[in-house]
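Chemist: Provided below for reference: sequence and predicted model.
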Amino acid sequence: MAITLRDIAKTLDHSTLQPFLTEDDIRKGCDIALQYDTATVCARPGDMPLVVKLLNGSDVKPCTVIGFPHGAHHTAVKVFEAERALDDGCQELDMVLNIGRMLHGEEAYVQDEIAALAKAAHARNALLKVILETCYLNDEQKKAACRLSEAAGADFVKTSTGYGSSGATVADVKLMRAAVSEKVSVKASGGIRTLDMVLACRLAGATRCGVSATVKIMEEAKARLENGTLSDQPLNPVEKADGAY
């Protein structure tokens, strides 16, 4: 099927999450997102005031991470972090669920925490994405985490932080898409550096991909458009991302 450059760009959450990034890097990241008209810039919480200012008046939304990257913050701390980001103008929150609690089978704790974050986000007309960190969960735990996220009111389930032992896989995207209803969307992230991986994740059911390789991906899409090979199908088979960010 036909696909446009805008379709691809609006699949991308341009990530600026590495700990070593400076203000100049954040500004450059926002310039890249504005140039290609991505869905969001996903930046660190402390960068939100600058990101909101730089994106003001555009169709690119400010997004941040909560409880990142380990998910082990106290629930009250995650809620405070979320509310502060929302006060700063953030419109999308990507929270890390409590991975240790999930592995221990404490499903009520996990669901209640997600619900607290969903309540905070939705009170301000923001979206909540729940990062499962799939590399640490087996398939049944991934399905359970998806069901808990939906029951708690999350808008998205997301594969990875990009800082775990591995990143997104097409198999995990398919599994997560099947585990939630159409009310919940799926985001793939972690090591996605090629257009083919973005296309493979879209075909598997993802509507967003978290990437830092936005320039590479979009320039590859432009080249395929020019030579007549751009479609919603990958040119080369791909099953998993390259790894972490």
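Modeler: All right, it came through fine.

Chemist: V186 should be in a strand, yeah?
Modeler: Yes. Under DSSP: H, G, I helix; E, B strand; the rest coil, V186 falls within a strand.

Chemist: what bridges to it?
Modeler: Counting by DSSP bridges, V186 forms beta bridges with V157.

Chemist: I'd like the average pLDDT over stretch 226-242.
Modeler: When pLDDT is averaged along stretch 226-242, the result is 92.

Chemist: what do you get for stretch 79-88?
Modeler: 98.

Chemist: so which bits of that stretch are buried?
Modeler: Under the neighbour-count criterion of 16 or more other C-beta atoms under 10 Å, stretch 79-88 has 79, 81-83, 85-86, 88 buried. C-betas here are computed from N, CA, C, even on glycine.

Chemist: try stretch 32-41
Modeler: 32-34, 36, 38-41.

Chemist: can you give me the helices for this protein?
Modeler: For the chain, the helices defined by DSSP state H occupy 5-9, 23-36, 48-55, 75-87, 99-103, 107-122, 139-152, 170-179, 195-204, 214-227.

Chemist: distance to E219 added to the buried residues of stretch 79-88, as JSON lines?
Modeler: Listed next are these as JSON lines, based on distance: C-beta to C-beta, whole Å:
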{"residue": "V79", "distance to E219": "40"}
{"residue": "E81", "distance to E219": "35"}
{"residue": "A82", "distance to E219": "34"}
{"residue": "E83", "distance to E219": "38"}
{"residue": "A85", "distance to E219": "31"}
{"residue": "L86", "distance to E219": "34"}
{"residue": "D88", "distance to E219": "31"}
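
Chemist: low-confidence ranges in this protein?
Modeler: Applying pLDDT under 70 to the chain flags residues 243-245.

Chemist: re the thing from before, pick the one among the buried residues of stretch 32-41 closest to V211.
Modeler: T38 (8.7 Å; C-beta to C-beta).

Chemist: so that closest one versus H14, what's the distance?
Modeler: Distance from T38 to H14, counting by C-beta to C-beta, to the nearest Å: 5 Å.

Chemist: joint contacts of those two?
Modeler: Common contacts of T38 and H14 (C-beta atoms under 8 Å, 6 or more residues apart in numbering): 32, 60, 214.
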